[in-house]
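Novice: The amino acid sequence is not available; the structure is as follows:
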DNA sequence: ATATTTTCGGATGTTTTTGTCCTAATTAAA
DNA sequence: TTTAATTAGGACAAAAACATCCGAAAATAT
C-alpha cells in the first residue's frame, strides 16, 4: 500500500502531465484543489520530485510546475520508488529481511508473482498515457 | 505493504501455531526472541488479537499464548485484516476514495486483479499449514 | 526599476505508529 | 496458602509520517 505522501505525488503528477500538454504550467494552488491535497504539503512533495528530475518547476510570477515530453515517459512506478522506495515491489510478504530466492519465507514464491504483477501495472502506466485521456472525463483525481 | 505491527503479528502467530501443536503454551519472551520483535510490543499486539478471538491466552505462572485446532484454520488474511483492516485488499491503487467498478480510477481493472491475487495468497495460507512444516527447517521467522 | 506572484528551503507543529513502563490480576506449583 | 511467573491494562515516551509557517529568492508584467 502506498504512503499518503506517495498517493498525493502520483495524483499530482498525473494532473500536471494532463495540464502541461502544451507547455503551460500549473501552480500548487491549482494542483491541490484538483487532487484534494493539502496545498503546502503537495508543494513540498513536488519540490522533492523536482530536485530528483521527475518534473520541472519555475519560480516567480506565472511560474509553477510542468512536465515536458521526456518526463512524460516516466511511469507511476518511478514516482512510487522516488517517494516510498522499492520495498513495495521487492519486499517480503511477511517482513523478513533475509527472505530471498535462496532462503525463501513460507509464502515467497506466490507472493513474488503477485508483487511482480503490481509492479508491472505501475511500470506500464506512464504519464504520457494519462495525457491521452485528457478531457474525456476518464480521469478524475479528486478523492471523493 | 503490511504495517510493522502486522508483520510482527503474522510472524508471531505462525510461531505460536508451530509451537502449540500439542497444547503447549509459549510466553512473550520466547515469542519475541524467536521472531525478532520488541518483547513488550508483541505482548500488546497479541493481547489485542486474543481479545478478538484469534488465539488463546492464559495468564499466570506457566501461562502464555497458544492456538487450538479451531484457530489453526485462520489464515494470514484474517490476521492482516484484524490489524491493518482490509484496505490493502480492497483499496484503490492511487488512493482515490470514490474509485469503484462504476467510477474506476485510471488503473482500476488491472490493479484489482493483482490485489485479488495478493488476497488469495494470504487467504490460502492458514496457520494449520505452517504446523506441517515444523522442524523441517522450512520456516525461519527471525528477521535476519 | 518596481510590484506581484510564485517556488525554495528550513524550521516548526501535529498526528499516527511504534515501543516502554508500571501495577494489578491470574494461574499453578510447592 | 504462599510464592513465582505470567498475561492484562492503562499511562507514558519516542520515532516517523504528515502538515504548516515564514522569510528569501526568482521570474514576469507593468
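Specialist: Ah, there it is. Since we're looking at a predicted model, the values are computed, not measured. Numbers count the residues shown, from 1 in each chain, chains lettered A, B, ... in the order given.

Novice: For residue A:20, give me its contacts.
Specialist: Residue A:20 makes contacts with A:26, A:65, A:66, A:67, A:68, as judged by Cβ atoms under 8 Å, 6 or more residues apart in numbering or on different chains. Where C-beta positions appear, they are placed from N, C-alpha and C, glycine not excepted.

Novice: rerun that using 6 Å as the cut-off
Specialist: Going by Cβ atoms under 6 Å, 6 or more residues apart in numbering or on different chains, residue A:20 touches A:66, A:67.

Novice: same question, residue A:98
Specialist: Listed by Cβ under 6 Å, 6+ apart, the contact partners of residue A:98 are residue B:144.

Novice: Can you check the pLDDT for residue A:137?
Specialist: With respect to pLDDT, residue A:137 scores 66.

Novice: Just the helices from chain A, written as ranges.
Specialist: A:4-19, A:28-35, A:39-51, A:76-84, A:87-90, A:108-124, A:127-132 (DSSP state H).

Novice: can you list the residues of chain A near chain B?
Specialist: A:1, A:7, A:10-11, A:88, A:94-98, A:106-107, A:110-111, A:114, A:117-118, A:121, A:125, A:139, A:143-144 (Cβ under 6 Å from any Cβ of the partner chain).

Novice: Tell me which of the helices of chain A sits most buried.
Specialist: Per residue and on average, the most neighbours among those fall to helix A:4-19, with a mean of 23 (mean count of other Cβ atoms under 10 Å in any protein chain shown).

Novice: what angle separates it from helix A:39-51?
Specialist: 70 degrees (axes from the mean of the first three to the mean of the last three Cα atoms, to 10 degrees).

Novice: quick one on the thing from earlier: okay, the helices of chain A in TSV with distance to residue B:39 next?
Specialist: Converted to TSV, those look like this (distance: least, Cβ to Cβ, whole Å):
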stretch	distance to residue B:39
helix A:4-19	30
helix A:28-35	43
helix A:39-51	36
helix A:76-84	29
helix A:87-90	25
helix A:108-124	27
helix A:127-132	47
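
Novice: how far away is the residue lying closest to residue A:113 once chain neighbours are set aside from residue A:75?
Specialist: Setting aside the residues directly before and after it, residue A:113 is nearest to residue B:117 in space (Cβ to Cβ, 6 or more residues apart in numbering or on different chains), at 7.1 Å. Distance, residue B:117 to residue A:75, using Cβ to Cβ, to the nearest Å: 20 Å.

Novice: what bits of chain A have low per-residue confidence?
Specialist: Flagging of chain A using pLDDT under 70 yields the residue ranges A:133-138.

Novice: DNA strand C contacts on that one?
Specialist: Contacts of chain A with DNA strand C, taken as Cβ under 7 Å from any atom of the strand, map to A:27-29, A:43-44, A:46-47, A:50-51, A:57-65.

Novice: Go again with 10 Å.
Specialist: Within reach of DNA strand C by Cβ under 10 Å from any atom of the strand, chain A has these residues: A:4, A:25-32, A:38-51, A:55-66, A:95.

Novice: will you turn the helices of chain A into CSV that also has distance to DNA strand D?
Specialist: Converted to CSV, these look like this (distance: least, Cβ to the nearest atom of the strand, whole Å):
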stretch, distance to DNA strand D
helix A:4-19, 3
helix A:28-35, 8
helix A:39-51, 4
helix A:76-84, 8
helix A:87-90, 10
helix A:108-124, 18
helix A:127-132, 22
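
Novice: Of all these, which one is nearest residue B:132?
Specialist: Residue B:132 sits nearest to helix A:108-124 of all the helices of chain A, at 16.3 Å, using Cβ to Cβ.
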